[in-house]
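> Only the shape, not the letters, is given here:
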């Protein structure tokens with residue numbers, strides 16, 4: 001029995017698989033529709049802008065608290081958070097990876113009791 005050299009690769013099965021996948025994608029893509037409701041909102045002459053305040057709280061590796069890069073004690077941070085609207089205002093929390101967890105929990109626990117909804121925990 002004589003063996004033939006393997007000089008050519010048969011690509012027909014590969015093309016068949018690609019065509020079947022293409023048919024499946026095209027068939028399912030036609031059923032996907034945009035489910036948004038198009039509404040043309042009326043305009044008003046009096047425009048009211050909502051004031052959203054944002055506060056950046058940072059905790060360094062030693063457990064020191066900062067508000068907008070100014071060293072601030074925890075009690076002052078709680079006072080500033082109390083003055084914000086917990087439903088509208090945004091609080092960004094930056095924490096060093098070497099910080100003890102209880103410093104982070106102190107801030108989050110206070111914001112939870114105040115009812116803050118817009119909290120962003122910033123990571124790298």
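Cool, got the structure. All of these numbers come straight from a predicted model, not from anything done at the bench.
> hey, which helix is longest across this protein?
Determined from DSSP state H, the single longest helix within the chain is helix 12-29.
> pretty sure residue 58 belongs to a helix, no?
No. Remark: residue 58 does not belong to a helix; assigned using DSSP: H, G, I helix; E, B strand; the rest coil, it is strand.
> Which secondary structure state does the residue positioned nearest the centre of the chain sit in?
In the chain, the centroid-proximal residue (Cα atoms, centre = their mean) is residue 120; its distance is 8.1 Å. What three-state DSSP gives for residue 120 is strand.
> give me the beta-bridge partners of it?
residue 92 (DSSP bridges).
> Tell me if I'm right that it and residue 90 touch.
Yes. Counting by Cβ atoms under 8 Å, residue 120 touches residue 90, with 6.6 Å between them. For every residue, glycine as well, the C-beta is placed using N, CA and C.
> Tell me the confidence at residue 30?
Looking at residue 30, its pLDDT reads 64.
> before we move on, what about the one 3 residues further on?
At residue 33, the predicted lDDT confidence score is 57.
> Which strands and helices lie in contact with the lowest-mean-pLDDT helix or strand in the chain?
Within the chain, no helix or strand scores below strand 118-122, which has a mean of 83 by mean pLDDT, DSSP states H and E. Secondary-structure packing of strand 118-122 (3 or more Cβ pairs under 8 Å, 6 or more residues apart in numbering; DSSP states H and E): strand 90-95.
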